[in-house]
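Chemist: this is a predicted model, with the sequence first.
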Amino acid sequence: MRALPLLPLLASLACAPAGVTYHADVKPLLEGRCVNCHVAGGIAPFALDSYAQAKTYGASMVAATESGTMPPWRAGAADVHYLRDPSLTAAQKKVLSDWVNAGMPEGDAKAKPTVQLAPIGGGLDRTDLTLAMPEAYTPTQAPDDYRCFPLTWPQAQTMAVTGFDAEPGNTRMVHHIALYLVPPDAADLPHQWDQEEAGPGYSCFGGPFGKHDQSFAVQLITAWIPGYQGVSFPRGMGIEVPKGATVVLQLHYNVQDTKTQDLTKLHFKLEPKAQRRAAYQPYLNVAWVAGQMKIPAGQSEVVHQYQSDPRDFFRLLGSPLNLDNGFNLEAVMFHMHRLGVHGQLWLNKANGTSIKVLDVPAWDFHWQIEYYLDTPLRFEPGDKLHLSCTFDNSQARMQPGQQQLTDVNWGENSDEEMCVANILSTEP
């Protein structure tokens with residue numbers, strides 16, 4: 001047998017790609033997409049901020065990323081693209097699986113990272129106002145406690161919120177945050193509801209009204225989930241908050257220990273006037289609110305859908321925007337409760353074209369996410385929005401402690417349901 005020349009063989013080995021290692025390849029992915037939650041003291045059930053931890057949970061990590069469960073992102077395929085998408089690419093998922101299959105080698109701690117991931121949200125570039133819960137709160141319900149805290153807006157004039165971040169006081173149990181604007185003429189009501197219940201704040205499952213009737217128009221300002229590092233709203237958008245308003249902070253606590261406290265803070269970027277005035281506008285069928293969204297007991301696939309030009313409804317709710325020439329659809333945030341399984345929003349153009357704006361094929365109440373479009377869609381006179389929500393009221397969706405299946409209809413409470421597409425809009 002003829003011997004191979006030694007020098008060419010050594011050269012070929014030197015040029016061969018190095019194996020995947022923790023420090024060079026895996027750690028950058030975890031730092032960019034995982035350790036904001038998977039860190040000691042974080043909301044996630046285990047940490048991934050060291051080689052030893054990553055090795056321990058390597059197989060689970062691969063299973064979660066390949067299934068799409070983690071990082072949390074519920075949007076399916078649509079006719080648009082989104083900003084702030086934390087999903088790993090197929091190549092990045094392969095890095096994790098290759099590393100596990102290779103025995104999870106640690107590598108050189110001084111190795112140069114092979115990838116650098118930008119933080120989701122981009123971060124808040126400045127803070128002009130910080131609001132905090134008036135006092136610490138200790139959850140009273142487990143495993144989930146939904147609590148609203150009314151905060152008086154302190155600005156002496158109308159200001160536009162152009163960026164937002166949240167600073168949980170207890171990262172182990174703050175699961176998500178929604179922030180609502182209550183107009184000045186109703187600003188006292190959330191404070192009254194706070195006084196009616198013992199302890200700080202008041203119970204509120206579906207929204208800021210809790211057990212009370214929806215007696216005024218309320219506007220979503222923004223939302224936050226673990227892993228987002230704050231955001232300055234894109235494209236110069238700002239949501240106006242008038243003097244005398246109340247901001248309601250809704251917190252979802254995922255509780256492991258009812259003896260621990262939370263004191264969350266909110267950070268705002270403000271401008272006297274936004275470049276582009278924006279408003280969240282809820283799209284739904286008014287007939288549903290009147291009791292015509294029945295979800296019969298025992299049925300596993302109940303679809304409620306609605307199509308219309310939403311502008312008159314937005315005006316009825318007090319939209320601050322001039323909608324005569326339509327609006328720009330900037331972002332969408334779905335809202336259903338625990339029986340929800342699938343949500344879709346379509347923009348049906350007057351020329352017959354249908355654009356799928358958002359498809360959430362596996363709805364999870366615990367991950368209510370804002371989906372910012374990378375390019376806004378124009379809603380023009382003659383167009384219609386089509387909203388569809390699918391519910392499962394079978395035994396598979398029974399909650400702990402629930403004794404029997406019952407018919408379900410619209411409502412704010414945990415044993416009721418909703419179907420809402422909150423649409424962040426701007427004037428064209």
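Modeler: Yep, that arrived.

Chemist: how about stretch 383-400: buried residues?
Modeler: For stretch 383-400, a neighbour-count test (16 or more other CB atoms under 10 Å) marks 383-393, 397 as buried. Every C-beta, even on glycine, is put in place using the N, C-alpha and C of the backbone.

Chemist: excluding sequence neighbours, find me the nearest residue to Asp188.
Modeler: In space, and not counting its chain neighbours, Asp188 is closest to Thr246: 7.7 Å by CB to CB, 6 or more residues apart in numbering.

Chemist: check contacts around that neighbour.
Modeler: The contact partners of Thr246, by CB atoms under 8 Å, 6 or more residues apart in numbering, come to 150-153, 181-182, 186-188, 190-191.

Chemist: quick check: beta-bridge partners of it?
Modeler: Assessed by DSSP bridges, Thr246 has beta-bridge partners Thr152, Val182.

Chemist: same check on Arg378?
Modeler: Beta-bridge partners, per DSSP bridges, of Arg378: Asn328.

Chemist: pLDDT value on it, please?
Modeler: Per-residue pLDDT puts Arg378 at 98.

Chemist: and it, how far from Thr222?
Modeler: Counting by CB to CB, to the nearest Å, the separation of Arg378 from Thr222 is 23 Å.

Chemist: between those two, who's got more neighbours?
Modeler: Between Arg378 and Thr222, Thr222 has the larger neighbour count (other CB atoms under 10 Å), namely 24 against 13.

Chemist: which ones are touching that one?
Modeler: Contact analysis of Thr222 by CB under 8 Å, 6+ apart lists 161, 164, 179, 239, 370.

Chemist: so where does it fall, helix or strand?
Modeler: Using DSSP states H and E, Thr222 maps to strand 219-224.

Chemist: quick one: the helix or strand just after that strand to chain centroid distance?
Modeler: Using DSSP H and E, the next helix or strand after strand 219-224 towards the C-terminus is strand 231-232. Once both centres are worked out by CA atoms, centre = their mean, to the nearest Å, strand 231-232 turns out to sit 14 Å from its chain's centre.

Chemist: could you check the angle the helix or strand following strand 231-232 makes with strand 219-224?
Modeler: Per DSSP H and E, the first helix or strand lying C-terminal to strand 231-232 is strand 237-241. For strand 237-241 against strand 219-224, the angle by axes from the mean of the first three to the mean of the last three CA atoms, to 10 degrees is 120 degrees.

Chemist: which residues are in contact with strand 237-241?
Modeler: Contact with strand 237-241 is made by 153, 155, 158-162, 181, 219, 221-222, 233, 247, 271, 273-280, 320, 330, 424, 426, as judged by CB under 8 Å, 6+ apart.

Chemist: again, only this time at 6 Å
Modeler: Strand 237-241 is contacted by residues 153, 158-162, 181, 221, 271, 274, 276, 278 when judged by CB atoms under 6 Å, 6 or more residues apart in numbering.

Chemist: C-alpha coordinates for that strand, CSV please?
Modeler: Taking C-alpha atoms only, strand 237-241 is exported to CSV below (Å, rounded to 0.1, in the frame of the first residue of the first chain):
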residue,chain,number,x,y,z
MET,A,237,-44.3,55.7,17.9
GLY,A,238,-45.6,57.0,21.2
ILE,A,239,-48.8,56.3,23.2
GLU,A,240,-50.2,59.5,24.9
VAL,A,241,-50.9,59.4,28.6
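
Chemist: ok, that strand: who's next to it in the sheet?
Modeler: strand 159-167 (antiparallel), strand 276-283 (parallel).

Chemist: export the first one as PDB, just CAs?
Modeler: In other words, strand 159-167. Provided in PDB are the C-alpha atoms of strand 159-167 (Å, rounded to 0.1, in the frame of the first residue of the first chain):
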ATOM      1  CA  MET A 159     -46.800  62.900  27.700                       C
ATOM      2  CA  ALA A 160     -46.100  60.200  25.100                       C
ATOM      3  CA  VAL A 161     -44.700  56.900  26.300                       C
ATOM      4  CA  THR A 162     -42.100  56.000  23.600                       C
ATOM      5  CA  GLY A 163     -40.300  53.200  25.400                       C
ATOM      6  CA  PHE A 164     -40.800  50.800  28.400                       C
ATOM      7  CA  ASP A 165     -39.000  48.300  30.600                       C
ATOM      8  CA  ALA A 166     -40.000  46.500  33.700                       C
ATOM      9  CA  GLU A 167     -37.800  45.600  36.700                       C
END
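
Chemist: where do the helices of the stretch 101-250 of the chain begin and end?
Modeler: Using DSSP state H, counting those that start in this stretch, the helices found in the stretch 101-250 of the chain span residues 188-196.
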